[in-house]
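S.K.: prediction below, plus the sequence it came from.
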Amino acid sequence: MERLRAAALPLLILGLLAAAPFIGFGAGHELTLLARAMILGMAALGLWLLVGGAGLVSLGHAALLGVGAYAVVVMDAAGITEAAIVAPSAIGAAALFALLTGAVAIRTTGVHFIMITLAFGQMGFFTAASLAVYGGDDGYTLYGRTTLGGARWLEDRLAFHYLCLGLLAATLLACRALLASRFGRVLRATRENPLRAAAVGFNPYPYRLVAYTIAGGIAGLAGALLANATEFVAPSFLAWQRSGDLLFMVILGGLGSPQGALLGALAMVLVEEWLSHLTEHWRLVFGPLLILAVLFLRGGLEGLPAQLRRRRDG
Amino acid sequence: MTTQLLLVQTLNGLQFGVLLFLVAAGLTLVFGVMDFINLAHGVQYMLGAYLGATLAAATGSFWAGLALALPAALGCGLLLEWLVFRHLYARDHLSQVLATFGVILFLNEAVRVLWGSAPLQTPTPEALAGGITLMPGLQYPVYRLAILGAGLGTAALLWLLVERTRAGALVRAGASNAPMVAALGVDIHRLFMLVFGFGAMLAGFAGVMAAPILSVEPGMGDTVLILAFVVIVIGGIGSVRGAFLAALLVGVIETLGRSLLPDLLRLVLAPSPARQAGAALGSMLVYMAMALILAVRPRGLFPARAG
């Protein structure tokens, strides 16, 4: 029963996303919005691996996303648009950035980890803003989307929608598999009781660093997709508020399992969009909503059914 | 010429540093005593600036504006504490971060609705207008010196309050071990409220004073908030003395880095890349310093909490 329940939610979400173009969400701007939600969901999954899996709260995740996006920009400026080169470069660049900064950051824990990842994120932000060749503060408009085997089929909205969906599903599966593996068990053990894990002989450092690097690679892929979705990359991709947004998606969804991150990302992007249609000052509503969610949704959105059941059963 | 520039920029840096200290002092106490991460502390600074600017315009006097803005900022802080924050003390840091981010979103937008997106201009008070000659050929605005003086004065008062009074002793004891203080019969919730309101008022004070020299606009608290967090982490969480030294350090590094690095790099690079690399490095300098300090002293320069 529990296992069924655990599989039902992600299947439902992914199924709805797959059916979306055929049940009245096929217009251009709706597909753009869904693509954005799925891409941010992918990045949030990577971040969930850190926050929910390893207990590492990073406030610099947008920088990893930005490194992936800027990898696309650098390639685009050099005239390379082939996905077989662009995607691995974006993933590799972000993973390398994560490895190098993580090697320093993971030496700290708790609030200090939050602050040191923020510091690296800000360094990335200011570096991007100073890259005059790639537009500096103003950002860089891509000549076109990445090509696949020389063909420009990513320009097709529907094809792009299903590409994002496929990669999102793959990321979710990979995160679940990773978490269930020996590696994932050690990671969770070092989160829940570092002292005990150390006593059994596990040094958390290499495990956390590998998790950080993997999350970086996922963020890099998401960044490359995001660059393609908007066909525009700016330093604001790396802003700390964006890192905050990603963190809030993860927390809002619930830290219990990776699908929480997915749920949080979709909820946040869609609610934002919905509210911004209702009123120009949608943040007046969104802010209190966040506060209420924290005060009353203890297990995040994902824990809502269980919370309701508990209330019903007294 | 260069020594004059260096002097002016150092003074600017120190003046920015004391403003940062006023914001960081409340933040570090709230964090240290209550173990509460308050991202919304930056909007207290913004509210102070807006209240000061509006009340000064309404009364026609900067001083009346200041006198009215301080209790108003205190009231806003206490209201927020009562409405939102007190429900979060027992929760984990992640919940606190998320909820206080909601407060930021709401207040930034509320300010935009009430006052509009355009920056507000506040005239410098007449008594402090004009410049003063520090050295032959070197003029410096009196108002900026006044900020520096007021900031240092407040820091001294705060030091007296924290180090030399009974309430201060309780606050320090709370920063080092809050459950123990509560067990000794101190009403920890009243202490929390006191610290919270006081911190909000200090941040508001910084906002009022910054209003004439910075543009008062929605979101102005966010940049200050991040730098204030850098300050309290460098200084050691919960330590007012650490926050003071770290704030001056961060203020000077930030100001000198941004203004002097582009010129310094021109010595080794061509003008255009020097300007770009200098601007990037200058903005990064504070964060590099923080990463370096945390790598050497992971708990900051003056950690308040024992063990």
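M.R.: On my side now, so go ahead. Numbers count the residues shown, from 1 in each chain, chains lettered A, B, ... in the order given.
S.K.: toward the C-terminus, what is the element adjacent to the one helix or strand A:Ala8 maps to?
M.R.: Assigned by DSSP states H and E, A:Ala8 belongs to helix A:2-19. Using DSSP H and E, the helix or strand that follows helix A:2-19 in sequence is helix A:28-48.
S.K.: can I get that next one in CSV, CA atoms only?
M.R.: Taking Å, rounded to 0.1, in the frame of the first residue of the first chain, the C-alpha atoms of helix A:28-48 are listed here in CSV:
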residue,chain,number,x,y,z
GLY,A,28,2.3,28.4,-26.8
HIS,A,29,2.4,30.3,-23.6
GLU,A,30,1.0,27.4,-21.6
LEU,A,31,3.7,25.0,-23.0
THR,A,32,6.3,27.6,-22.2
LEU,A,33,5.1,27.8,-18.6
LEU,A,34,5.0,24.0,-18.3
ALA,A,35,8.5,23.7,-19.7
ARG,A,36,9.7,26.2,-17.1
ALA,A,37,8.0,24.3,-14.4
MET,A,38,9.5,21.0,-15.5
ILE,A,39,13.0,22.5,-15.8
LEU,A,40,12.9,24.1,-12.4
GLY,A,41,11.5,20.9,-11.1
MET,A,42,14.5,19.1,-12.4
ALA,A,43,16.8,21.5,-10.7
ALA,A,44,14.7,21.2,-7.5
LEU,A,45,15.2,17.4,-7.7
GLY,A,46,18.9,17.9,-7.7
LEU,A,47,18.7,20.3,-4.7
TRP,A,48,16.4,17.8,-2.9
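S.K.: do it and chain B meet?
M.R.: No - Helix A:28-48 lies out of reach of chain B by C-beta under 8 Å from any C-beta of the partner chain, never closer than 12.1 Å. Where C-beta positions appear, they are placed from N, C-alpha and C, glycine not excepted.
S.K.: tell me the mean pLDDT for that helix?
M.R.: The average of the pLDDT scores along helix A:28-48 is 90.
S.K.: what does the stretch 151-300 of chain B put close to chain A?
M.R.: Proximity of the stretch 151-300 of chain B to chain A is confined to B:222, B:226, B:229-230, B:233, B:237, B:272, B:276-277, B:279-280, B:283-284, B:287-288, B:290-291, B:294-295, B:298-299 under the rule C-beta under 8 Å from any C-beta.
S.K.: try 10 Å this time
M.R.: Selection of the stretch 151-300 of chain B residues close to chain A by C-beta under 10 Å from any C-beta of the partner chain yields B:219, B:222-223, B:225-226, B:229-230, B:232-234, B:237, B:272-273, B:275-292, B:294-295, B:298-300.
S.K.: is there a quick ChimeraX command that grabs whichever of these are buried?
M.R.: Here is the ChimeraX selection string for the buried members of these, based on 16 or more other C-beta atoms under 10 Å in any protein chain shown:
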select /B:219,222,225,226,229,230,232,233,234,237,275,276,277,278,279,280,281,282,283,284,285,286,287,288,289,290,291,294,300
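S.K.: circling back to that earlier point, run the chain-centre distance for the helix holding A:Ala8.
M.R.: The chain centre lies 19 Å from the centre of helix A:2-19; the measure is C-alpha atoms, centre = their mean, to the nearest Å.
S.K.: nearest residue to the residue positioned nearest the centre of chain A other than its sequence neighbours?
M.R.: Residue closest to the average C-alpha location in chain A (C-alpha atoms, centre = their mean): A:Ala43, at 1.4 Å. Excluding its sequence neighbours, the residue lying closest to A:Ala43 (C-beta to C-beta, 6 or more residues apart in numbering or on different chains) is A:Ala222, at 4.1 Å.
S.K.: go ahead and confirm the one you found touches A:Ile39.
M.R.: Yes - contact criterion C-beta atoms under 10 Å: A:Ala222 and A:Ile39 qualify, at 5.1 Å.
S.K.: just to revisit the earlier point, which residues sit against the helix holding A:Ala8?
M.R.: The contact list for helix A:2-19 (C-beta atoms under 10 Å, 6 or more residues apart in numbering or on different chains) reads A:23, A:25, A:34, A:37-38, A:41, A:161-162, A:164-166, A:168-169, A:172-173, A:176, A:256-260, A:262-263, A:266, A:301-302, A:305-306.
S.K.: among those, which are in helices?
M.R.: Counting by DSSP state H, the contacts of helix A:2-19 place A:34, A:37-38, A:41, A:161-162, A:164-166, A:168-169, A:172-173, A:176, A:258-260, A:262-263, A:266, A:305-306 in helices.
S.K.: now do the helix holding A:Ala8, average pLDDT.
M.R.: On average, the pLDDT along helix A:2-19 is 79.
S.K.: what's the answer for stretch A:138-154, then?
M.R.: pLDDT averaged over stretch A:138-154 gives 80.
S.K.: show me what contacts residue 280?
M.R.: You didn't pick a chain, so chain A it is. A:Glu280 touches B:Glu109, B:Arg112, B:Val113, counting by C-beta under 10 Å, 6+ apart.
S.K.: um, chain B though
M.R.: With C-beta under 10 Å, 6+ apart, B:Ala280 has these contacts: A:Met123, A:Phe125, A:Phe126, A:Thr127, A:Ala128, A:Ala129, A:Ser130, A:Leu131, A:Gly136, B:Leu261, B:Pro262.
S.K.: ditto for B:Pro271
M.R.: Counting by C-beta under 10 Å, 6+ apart, B:Pro271 touches B:Pro262, B:Leu265.
S.K.: returning to that earlier point: can you lay out the contacts of B:Ala280 as CSV showing distance to A:Ala87, neighbour count and secondary structure?
M.R.: CSV is the format used below for these (distance: C-beta to C-beta, whole Å; neighbours: other C-beta atoms under 10 Å in any protein chain shown; DSSP: H, G, I helix; E, B strand; the rest coil):
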residue, distance to A:Ala87, neighbour count, secondary structure
A:Met123, 25, 23, helix
A:Phe125, 24, 26, helix
A:Phe126, 27, 19, helix
A:Thr127, 22, 20, helix
A:Ala128, 20, 28, helix
A:Ala129, 25, 22, helix
A:Ser130, 26, 23, helix
A:Leu131, 21, 17, coil
A:Gly136, 26, 17, helix
B:Leu261, 36, 21, helix
B:Pro262, 36, 20, helix
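S.K.: make CSV out of these and add distance to B:Gly168.
M.R.: Below are those laid out as CSV (distance: C-beta to C-beta, whole Å):
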residue, distance to B:Gly168
A:Met123, 37
A:Phe125, 38
A:Phe126, 38
A:Thr127, 43
A:Ala128, 44
A:Ala129, 42
A:Ser130, 44
A:Leu131, 49
A:Gly136, 48
B:Leu261, 40
B:Pro262, 43
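S.K.: A:Gly110: which of those is nearest?
M.R.: Closest to A:Gly110 out of the contacts of B:Ala280 is A:Met123 (21.0 Å), distances taken as C-beta to C-beta.
S.K.: surely the closest one meets A:Ala63?
M.R.: Yes - assessed by C-beta under 10 Å, A:Met123 is found in contact with A:Ala63 at 7.9 Å.
S.K.: got any residues that touch both of those two?
M.R.: Joint contacts of A:Met123 and A:Ala63 (C-beta under 10 Å, 6+ apart) are A:Thr101, A:Leu238.
S.K.: for chain A, what's the nearest residue on the stretch 201-307 of chain B?
M.R.: In the stretch 201-307 of chain B, the residue that lies nearest chain A is B:Ala280 (3.3 Å; C-beta to the nearest C-beta).
S.K.: how far out from the middle of the chain is whichever strand or helix holds that residue?
M.R.: Element membership of B:Ala280 [criterion: DSSP H and E] is helix B:271-296. Helix B:271-296 has its C-alpha centroid displaced from the chain centroid by 21 Å (C-alpha atoms, centre = their mean).
S.K.: what's the answer for stretch B:168-182, then?
M.R.: Chain-centre distance of stretch B:168-182: 23 Å, with C-alpha atoms, centre = their mean.
S.K.: so which residues on the stretch 1-150 of chain B come close to chain A?
M.R.: Counting by C-beta under 10 Å from any C-beta, the stretch 1-150 of chain B sits next to chain A at B:31, B:35, B:37, B:39-40, B:83-84, B:87-88, B:91-110, B:112-113.
S.K.: coming back round to it: mind checking pLDDT for the residue of the stretch 201-307 of chain B closest to chain A?
M.R.: What the model reports as pLDDT for B:Ala280 is 78.
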